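Q: can't give you the sequence, but here's the structure:
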């Protein structure tokens, strides 16, 4: 079960693509896009990551941190970041603690086969640490722009 809108985002610590530990609490006072994706260097995940990359200057201007999370290793994240010149942080959750904490590790089906995996989901967290939007069943193409529009609208309020 996903963490819900209007709840406090749960803190965690995970290593990034360089092995440096990050905790969600480090980003207090900033907007955070916490996006969970299935696997590095696969078609949908690459589209999603490259669109975050291409829109990264806009995220920076809105003082928004982008954090991608998958169960891939630090080494795989390093290759993915290098191959696509990704300017944001990818976090490695090999032990599946955070994907379970956020409710995005679940049974999936593909071509009649059931398996456990990450449900492509993003959480928009406001500067006070509250989840203000949950994006379920994310379509990679256009997702970064959708989040930017939502941040712009919320900043007007």
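A: Perfect, thanks for sending it. In this text, all values refer to a predicted model and were calculated from it rather than measured experimentally.

Q: other SSEs contacting the helix ranked longest in the chain?
A: The residue-count maximum for a helix in the chain (DSSP state H) belongs to helix 143-156. Packing partners of helix 143-156 (3 or more Cβ pairs under 8 Å, 6 or more residues apart in numbering; DSSP states H and E): strand 31-36, helix 43-54, helix 56-61, strand 121-125, strand 131-135. Just so you know, the C-beta spots here come from the backbone N, C-alpha and C atoms, and that holds for glycine as well.

Q: to what extent is the residue lying closest to residue 66 once chain neighbours are set aside buried, counted in neighbours?
A: Distance criterion Cβ to Cβ, 6 or more residues apart in numbering; nearest residue to residue 66, sequence neighbours excluded, is residue 88 at 4.0 Å. Neighbour count of residue 88, defined by other Cβ atoms under 10 Å: 20.

Q: isn't residue 88 right next to residue 56, touching?
A: Yes - using Cβ atoms under 8 Å, residue 88 is in contact with residue 56, at 6.2 Å.

Q: which residues are in contact with both of the two?
A: Taking Cβ atoms under 8 Å, 6 or more residues apart in numbering as the criterion, residue 88 and residue 56 both touch residue 66.

Q: about what we covered before: now the helices and strands packed on helix 143-156 in TSV, with mean neighbour count?
A: Output for those, formatted as TSV (neighbours: other Cβ atoms under 10 Å):
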stretch	mean neighbour count
strand 31-36	24
helix 43-54	18
helix 56-61	14
strand 121-125	24
strand 131-135	18
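
Q: turn these into TSV, columns for distance to residue 142 and mean pLDDT.
A: Formatted as TSV, the helices and strands packed on helix 143-156 follow (distance: least, Cβ to Cβ, whole Å; pLDDT from 0 to 100):
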stretch	distance to residue 142	mean pLDDT
strand 31-36	13	98
helix 43-54	7	97
helix 56-61	14	96
strand 121-125	12	97
strand 131-135	11	95
